[in-house]
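>>> fold the stuff below for me.
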Amino acid sequence: MHARRRLLSGLLIVAILLLTATWLADMPPFEASEPVPDDTLVDDGLDATDEPPSDRTPDRRPGLGPADPPTRPEPPPAPPPSQPAEPAEVGPAEDDEEEPGTLEPLDKTVGGMDIMKAANKAVAWLRKKQARNGSWGDVRGAGSYGSLQPTTFAAGPTALTLYALRKAKVPLLDPSMRMGYRYLLKYHSNPASSMETSMVLLAVLATADGGKRSASGAQRQPKIPGKYRTWANRLVSRLVEQREARAWRYNLENRPQSLPAGGPEDTISTHLASLALLTAHGLGIRVKSSIWHDVLTYTSEQQKPRIVGAKPETLPRGFAYIYGHPVSDRGEPTGGATACGYATTAMAWYVLTTEGRRVAAWKQQNPTLALTTQSSIDDAQAWLEKHYTRFANPGKARGQKVNHHHWLWALETAMDLGRQKKLGAYGWYAEIATGLVERQRPDGSWRNDGTWEPADVLDTCFALLFLQRSARDVIPGSD
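Model prediction:
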């Protein structure tokens, strides 16, 4: 009797298995409902269940996050020809991860402790401002180049915030950082606009470890973790592709059929792209010197021309967003554009003179350009000194997009890249840093109504970058 029951049970199990196999064979193959991004570039330790810290509230503003579904990133390009091919890397090892960063006073003689406290408050505020999807919102503004469609840069605020937080020594393993980089990789690994490509590239390059000391105590070159380096290589290639004849301009990818007023390039976009490329240059990802030559010649043409035979030798001459543009605050010199033009000129000169080691040889090969470059730097510095102010972007009228905090960051890049501790009689860092500390809001943020939304995020990042002197380590010896 028991043997018969065991036989019947066995036959029943076999029948069930046969029916299950037949049902599975008839099912269609699995297809993802949307393209699945390749998350293997960034070894951030996250999994699908990770969320930002619980003290954040969801950002329910319309338009937050990407408008389109994520797409699979393109395969990374081969390393630039001038660089030897590198062995495949799998990201930082456990014992190579960063220790938690700590802010330190940058200059104890100018109220360094107050500056450190202000920077720490800004970092805490930015952490709380992060949305649950890992982003810091979209740049939102009016339509550009005659378009009626509003301008949106979905990657910009997140990339800018990550860059500012890294400059403030927030470690990569911080939950906010991991969520932010994962958001960029998932939705904006290959940005559409040159502005976003520049900003995402700066954020990715900011993952470099800062150059740790070896066992012998020698300081080594900063190193980008392997998977971030693959991403950085691809972004450099992308940025070079997005260049117009000689330089870059905001949002050209969304322009109408007609050429935008002033042409396809501008001083401020070119400054941002140049800063990204120079940072990559210092980390061993380099572009052809002809690109830097083009950048230098284009930028020089956006400076107000010298009057032939005018004296004294140094004249205050500022840079415009696009010199001759029909709109006054774009076609005439402003503080932001002049600081950007000055900084870009300094960056191009540094690369073209082989990091300052072959100045005499470069001058001999390019005598006219060398003279033009020197007078450009001298005259721009004279203009910045003449129009220096802590609290407004010179040349911008009320009612215009003043971009006050961007002007301060641009000035910091100009002074630190140009190795200028003072601007004429002005101790620019001490004076402006003190003003920023005084004007910081109680919650730790900054905001100026002359900035595109999200104004509080953008202004806080630019203020934090200024306080941390973000550009002083881009060119060695510029401290």
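>>> give me the pLDDT for residue 317.
pLDDT recorded at residue 317 is 95.
>>> mind checking the SS state of it?
coil (DSSP: H, G, I helix; E, B strand; the rest coil).
>>> residue 300 is in contact with that one, correct?
No: when contacts are counted by C-beta atoms under 8 Å, residue 317 is not listed as touching residue 300 (10.6 Å). Placement of C-beta: from N, CA and C, glycine included.
>>> so what sits against both of the two?
Common neighbours of residue 317 and residue 300 (criterion: C-beta atoms under 8 Å, 6 or more residues apart in numbering): residue 376.
>>> how about residue 422, nearest residue that isn't a chain neighbour?
Once flanking residues are discounted, residue 422 sits nearest to residue 428: 6.8 Å by C-beta to C-beta, 6 or more residues apart in numbering.
>>> could you check how far that neighbour is from residue 193?
31 Å (C-beta to C-beta, to the nearest Å).
>>> can you confirm residue 437 is in a helix?
Yes: counting by three-state DSSP, residue 437 is part of a helix.
>>> that one: how many residues sit nearby?
Under the neighbour criterion other C-beta atoms under 10 Å, residue 437 is assigned a count of 19.
>>> 36 is where my numbering starts, stick with that
New numbering, starting at 36: the last item is residue 472.
>>> that one is in contact with residue 155, isn't it?
No: using C-beta under 8 Å, residue 472 is not in contact with residue 155; the gap is 11.8 Å.
>>> ok, the closest residue to residue 439 other than its chain neighbours - contacts?
Of all residues beyond its chain neighbours, the one nearest residue 439 is residue 483 (4.6 Å), with distances taken as C-beta to C-beta, 6+ apart. By C-beta under 8 Å, 6+ apart, the residues touching residue 483 are 437-440, 490, 494.
>>> got the phi and psi for residue 483?
Per-residue torsions, residue 483: phi -130, psi 130 (degrees, to the nearest 10).
>>> tell me how far it lies from residue 441.
From residue 483 to residue 441 the distance is 9 Å (C-beta to C-beta).
>>> now render the contacts of residue 483 as JSON lines, adding distance to residue 448, pLDDT and neighbour count.
Shown next, in JSON lines, are the contacts of residue 483 (distance: C-beta to C-beta, whole Å; pLDDT from 0 to 100; neighbours: other C-beta atoms under 10 Å):
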{"residue": "437", "distance to residue 448": "18", "pLDDT": "73", "neighbour count": "22"}
{"residue": "438", "distance to residue 448": "14", "pLDDT": "79", "neighbour count": "24"}
{"residue": "439", "distance to residue 448": "16", "pLDDT": "87", "neighbour count": "24"}
{"residue": "440", "distance to residue 448": "13", "pLDDT": "92", "neighbour count": "26"}
{"residue": "490", "distance to residue 448": "21", "pLDDT": "90", "neighbour count": "18"}
{"residue": "494", "distance to residue 448": "16", "pLDDT": "95", "neighbour count": "24"}
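>>> so which of those belong to helices?
439-440, 490, 494 (DSSP state H).
>>> nearest to residue 425 among these?
residue 439 (9.7 Å; C-beta to C-beta).
>>> wait, doesn't that closest one sit right on residue 424?
No: in this structure, residue 439 is not within contact of residue 424 by C-beta under 8 Å, at 9.8 Å.
>>> what strand or helix carries the residue lying closest to residue 415 once chain neighbours are set aside?
Among residues not flanking residue 415 along the chain, residue 377 sits closest, at 4.3 Å (C-beta to C-beta, 6+ apart). Using DSSP states H and E, residue 377 sits in helix 370-387.
>>> next SSE after that helix?
Downstream of helix 370-387, the next assigned helix or strand under DSSP H and E is helix 394-400.
>>> in CSV, list the C-alpha atoms belonging to whatever helix or strand comes next after that following helix.
Using DSSP H and E, the helix or strand that directly follows helix 394-400 along the chain is helix 402-421. Output of helix 402-421 as CSV, limited to C-alpha atoms (Å, rounded to 0.1, in the frame of the first residue of the first chain):
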residue,chain,number,x,y,z
PRO,A,402,56.0,86.9,-31.0
THR,A,403,52.8,88.8,-31.9
LEU,A,404,50.5,86.5,-29.9
ALA,A,405,52.9,86.7,-27.0
LEU,A,406,52.7,90.5,-26.9
THR,A,407,48.9,90.4,-27.3
THR,A,408,48.6,88.0,-24.5
GLN,A,409,50.7,90.0,-22.1
SER,A,410,48.9,93.2,-22.8
SER,A,411,45.6,91.4,-22.5
ILE,A,412,46.4,90.1,-19.0
ASP,A,413,47.8,93.5,-17.8
ASP,A,414,44.8,95.5,-19.2
ALA,A,415,42.2,93.1,-17.8
GLN,A,416,43.8,93.2,-14.4
ALA,A,417,43.7,97.0,-14.6
TRP,A,418,40.0,96.9,-15.5
LEU,A,419,39.2,94.5,-12.6
GLU,A,420,41.1,96.8,-10.2
LYS,A,421,39.3,99.9,-11.5
